[in-house]
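Enquirer: Starting from these lines, generate the structure:
(chains A and B)
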2 protein chains.
Amino acid sequence: MNFLEERIVRDGVVKEGNVLKVDSFLNHQMDIGLLNEMGAEFKRRFEGKPINKILTIEASGIGIACIAAQHFNVPVVFAKKSQSINLDGEVYVAEVESFTHKCINHVIVAKKFLTPEDHVLIIDDFLANGCALQGLIQIVQSAGATVEGIGIAIEKGFQSGGRMIRNLGFQLESLAIVDGMDAANGHIEFRPQKAAEPEGGEADKAADSVFKPEECVCRSSTLD
Amino acid sequence: MNFLEERIVRDGVVKEGNVLKVDSFLNHQMDIGLLNEMGAEFKRRFEGKPINKILTIEASGIGIACIAAQHFNVPVVFAKKSQSINLDGEVYVAEVESFTHKCINHVIVAKKFLTPEDHVLIIDDFLANGCALQGLIQIVQSAGATVEGIGIAIEKGFQSGGRMIRNLGFQLESLAIVDGMDAANGHIEFRPQKAAEPEGGEADKAADSVFKPEECVCRSSTLD
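Expert: Presented below is the predicted three-dimensional model:
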């Protein structure tokens, strides 16, 4: 187990309904030392990529992204989530329709903060269905910028988001991938990870898996 | 001018209605080097205080708080904002009624992350009416914890929040205090700051000023 998996086993709480609570160290109270280890590991996994900006989404991605940014020496942009759109100026908007949560959210980034010259590392705390992540990818692509990679703290490997993103050819690095949880005994099953996974390896392995498009729908647009 | 005031003059944009846009370096895109300077300055201003936790509020306070936390070597807790309450478990809730925005927001922190042993530095990006800040203070006090100080990036000195908080006796340190703005010519007037302001000094000076209680109302409660 790596440092994050060990911490999840120690301080994470498995609840009914495949819920993993990590609020004591990751997304309500934040252990900054742990975030710093995560930042160093993201730097190692994306070594050599010409990353000049980190993009995340409010709220719980922001802390992880800011600490990681110190390892890359780049600024952070955080996308705003809103059910309505009231940012002034020119913005990129991805409409993320979550069938799970039965609502539509807008993911919003001001146009001036993403340009075709940008090489973006997307960072977030959790990946499950990947709805918000799809919105972020679409926004980067709408700007003509490049997604150099995606760094996630905890992926729920039994949901389809990670498989779909890897099938699309992105380098997705999740520091911990949970393949199963048992609320009755608290057991958490992690997917074995290679020390340094070559780009595309996961995509090849997952090529025969099926994306379930009903779990979320994303449409991107630009507002002037 | 200090480093933050200089940056505001260089990259901030004054808009009609006393709006100061600092989204290119503080609260949409974040300059992590600047945040680090701010963290070092907060450490200097609160030197000697037995701070063991930083409390902030989503979303734009989180980055500032996390980078500052590295200078204090303490964890960060961020309060959640919600119009509804759906966190499970035991939580502290402050109900913040903003007459400015014509809505009620709940500021929420899980009880397990604030205890009577905690000595808390509250950090946020902006202080204007101070509604959210009052909610955070009430939550810390509900937990029996101690507010050791409040660190703000930019205070709108022409609104009543800062005056009120200082009158209550808190050590409030705003790295930049804007006393006036002119959208026509972009001019920003900063309140002169001493290099290191003694605790209580501002409160004494402001003792004859009047808090306008109509600007926000806070009620705190606990939910089990």
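Enquirer: make it CA atoms for all contacts and neighbour counts henceforth
Expert: OK.
Enquirer: Flag every residue of chain A that's near chain B.
Expert: Counting by CA under 8 Å from any CA of the partner chain, the positions of chain A adjacent to chain B are A:24, A:28-32, A:58-59, A:62-63, A:66-67, A:69-70, A:73-79, A:113.
Enquirer: Narrow those residues to those in strands?
Expert: Cross-referencing these against strands under DSSP state E gives A:Gln29, A:Met30, A:Val76, A:Val77, A:Phe78, A:Ala79.
Enquirer: Just the closest of those residues to A:Leu175, please.
Expert: Sorting these by how near they are to A:Leu175, with CA to CA, puts A:Met30 at the top with 16.3 Å.
Enquirer: isn't A:Ala110 right up against A:Ala94?
Expert: No: A:Ala110 is beyond contact range of A:Ala94, at 11.8 Å (criterion: CA atoms under 8 Å).
Enquirer: rewinding a little: which members of the residues of chain A next to chain B are classed as buried?
Expert: Among these, those classed as buried by 16 or more other CA atoms under 10 Å in any protein chain shown are A:24, A:28-32, A:58-59, A:62-63, A:66-67, A:69-70, A:74-79, A:113.
Enquirer: Give the bridge partners for the spatially most central residue of chain A, please.
Expert: What sits nearest the mean C-alpha location of chain A, by CA atoms, centre = their mean, is A:Asp124, with 3.6 Å. Taking DSSP bridges, one obtains A:Ile152 as the residues bridged to A:Asp124.
Enquirer: quick one: it and chain B, what's the gap?
Expert: Going from A:Asp124 to chain B by CA to the nearest CA, to the nearest Å gives 14 Å.
Enquirer: For that residue, give me its contacts.
Expert: By CA atoms under 8 Å, 6 or more residues apart in numbering or on different chains, the residues touching A:Asp124 are A:Thr56, A:Ile57, A:Ser60, A:Gly61, A:Ile62, A:Ile64, A:Ala65, A:Gly151, A:Ile152, A:Ala153.
Enquirer: And those, which is closest to A:Ile104?
Expert: A:Ile57 (15.7 Å).
Enquirer: Tell me how many other residues crowd that closest one.
Expert: As a burial measure, A:Ile57 scores 24 neighbours (other CA atoms under 10 Å in any protein chain shown).
Enquirer: Report the separation between it and A:Ala69.
Expert: Distance of A:Ile57 to A:Ala69, computed by CA to CA, to the nearest Å: 14 Å.
Enquirer: Kindly report the same for A:Val91.
Expert: For A:Val91, the distance to A:Ala69 equals 23 Å [CA to CA].
Enquirer: same question, A:Asn129
Expert: Per CA to CA, A:Asn129 is found 25 Å from A:Ala69.
Enquirer: Then A:Asn2?
Expert: Taking CA to CA, one finds A:Asn2 at 21 Å from A:Ala69.
Enquirer: Tell me where chain A has strands.
Expert: For chain A, the strands defined by DSSP E cover A:13-15, A:19-21, A:29-30, A:53-57, A:76-82, A:91-98, A:103-110, A:119-127, A:146-156, A:172-182, A:187-190, A:216-223.
Enquirer: now, of the ones you listed, which is deepest in the fold?
Expert: Counting by mean count of other CA atoms under 10 Å in any protein chain shown, strand A:53-57 has the highest mean neighbour count of those, with a mean of 26.
Enquirer: Check which helices and strands that one sits against.
Expert: Applying 3 or more CA pairs under 8 Å, 6 or more residues apart in numbering or on different chains; DSSP states H and E, one finds that strand A:53-57 makes contact with helix A:61-72, strand A:76-82, strand A:119-127.
Enquirer: Adding mean pLDDT and distance to B:Asp118, write the ones you listed out as CSV.
Expert: Compiled in CSV, these are given as follows (pLDDT from 0 to 100; distance: least, CA to CA, whole Å):
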stretch, mean pLDDT, distance to B:Asp118
helix A:61-72, 98, 21
strand A:76-82, 93, 30
strand A:119-127, 97, 26
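Enquirer: where in chain A is pLDDT low?
Expert: Counting by pLDDT under 70, the ranges of chain A that qualify are A:83-89, A:98-101, A:195-224.
Enquirer: Just give me the longest helix of it.
Expert: helix A:32-45 (DSSP state H).
Enquirer: Mind giving me the packing neighbours of that one?
Expert: Secondary-structure packing of helix A:32-45 (3+ CA pairs under 8 Å, 6+ apart): helix A:61-72, strand A:172-182, helix B:61-72.
Enquirer: Rebuild those as TSV, extending it with distance to B:Val9.
Expert: As requested, the helices and strands packed on helix A:32-45 are exported to TSV (distance: least, CA to CA, whole Å):
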stretch	distance to B:Val9
helix A:61-72	24
strand A:172-182	39
helix B:61-72	20
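Enquirer: Looking at the ones you listed, spot the one closest to B:Asn36.
Expert: Closest of these to B:Asn36 is helix B:61-72, at 5.9 Å (criterion: CA to CA).
Enquirer: So is the closest one next to chain A?
Expert: Yes: judged by CA under 8 Å from any CA, helix B:61-72 and chain A are in contact via B:Ile62, B:Gly63, B:Cys66, B:Ile67, B:Ala69, B:Gln70.
Enquirer: What helices and strands are in contact with that helix?
Expert: Using 3+ CA pairs under 8 Å, 6+ apart, the elements in contact with helix B:61-72 are helix A:32-45, helix A:61-72, helix B:32-45, strand B:53-57, strand B:76-82, strand B:119-127.
Enquirer: swap the cut-off to 10 Å and go again
Expert: strand A:29-30, helix A:32-45, helix A:61-72, helix B:32-45, strand B:53-57, strand B:76-82, strand B:119-127, strand B:146-156 (3 or more CA pairs under 10 Å, 6 or more residues apart in numbering or on different chains; DSSP states H and E).
Enquirer: So for B:Leu20, which of those sits nearest?
Expert: Among the helices and strands packed on helix B:61-72, strand B:146-156 comes nearest to B:Leu20, with 9.3 Å by CA to CA.
Enquirer: which one of the contacts of A:Asp124 is nearest B:Ile104?
Expert: Distances from B:Ile104 to these, taken as CA to CA, are shortest for A:Ser60 (22.4 Å).
Enquirer: That closest one against A:Ile152, yeah?
Expert: No: using CA atoms under 10 Å, A:Ser60 makes no contact with A:Ile152, being 11.7 Å away.
Enquirer: Give me the common contacts of those two.
Expert: Counting by CA atoms under 10 Å, 6 or more residues apart in numbering or on different chains, the shared contacts of A:Ser60 and A:Ile152 are A:Asp124, A:Asp125, A:Phe126.
Enquirer: Sweet, I'm off.
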